[in-house]
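1. Quick one, fold the following:
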Amino acid sequence: MEIKEYAKTSKIPLKTLRWMERIKKISNPLSDDDLIGLKLLENLWGLHDFLRPQLSQKNIKHRKALIDTCDLETKWERYAFSRFINLEPDKRLFMKNLIAEIETTYRFKLSIFEIRKLYRVRKRAQRAKERLVKKELNEGMKMANNDLRKSELDFAK
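-> Predicted coordinates:
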């Protein structure tokens, strides 16, 4: 059976199967041993008890980054997201420059559709940064409020 045919009925995405073929964990066409292994993997695919120990090996920063970018399909989208997220507050990253970077690094010309996708990635990164700033601000306010309560108690004594 071909990988493409198998992917039509499998929980495992075609992209993952192609990656497994590239790193020579499975062959195309799939052998009987490959099918047995893939059936086992399918049974475990997406189970929390299977994912949790894998994720626990990563540090919290890496886990959050993985979760933030898990639905970005391509490497260049994840690259663009991380460029925007890691951008210093007073710096700017122009889309023309980023498009040129991506085209040079990944050796392909972005289509109009992909450029639109890039704008969506930028917007998503901006929202994520805004949420992060808001969260830090709220935590700072909570810390300040906690200090006020302590000082009020000391004053009442």
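2. Domain parsing of the protein, as residue ranges.
-> 3-54, 71-156 (automatic domain parsing).
3. just for the protein, where's the confidence low?
-> For the chain, applying pLDDT under 70 flags the ranges 143-157.
4. can you pull out the helices in it?
-> Remark: helices assigned in the chain by DSSP state H are 3-9, 14-22, 32-44, 48-56, 60-69, 75-85, 95-106, 112-156.
5. Any chance you could list what contacts stretch 126-134?
-> With contact meaning CB atoms under 8 Å, 6 or more residues apart in numbering, stretch 126-134 is reached by Asp68, Phe84, Ile85. (Each C-beta comes from the backbone N, C-alpha and C, glycine too.)
6. Now for these, which sits with the most neighbours around it?
-> Phe84 (19 neighbours; other CB atoms under 10 Å).
7. Please report how far the spatially closest residue to that one that is not a sequence neighbour lies from Lys39.
-> Counting by CB to CB, 6 or more residues apart in numbering, Phe84 lies nearest to Ala125, which is 3.5 Å off, once chain neighbours are set aside. Here the criterion is CB to CB, to the nearest Å. By it, Ala125 lies 39 Å from Lys39.
8. When the two are compared, which one has more neighbours?
-> Counting neighbours by other CB under 10 Å for Ala125 and for Lys39 shows that Ala125 has the greater number, 21 against 10.
9. distance of Ile26 from Leu87?
-> Counting by CB to CB, the gap from Ile26 to Leu87 is 39 Å.
10. just Val121 next, same as before
-> Counting by CB to CB, the gap from Val121 to Leu87 is 13 Å.
11. Neighbour count for the two, which is higher?
-> Shown here are Val121 and Leu87; by other CB under 10 Å, Val121 has more neighbours (22 against 14).
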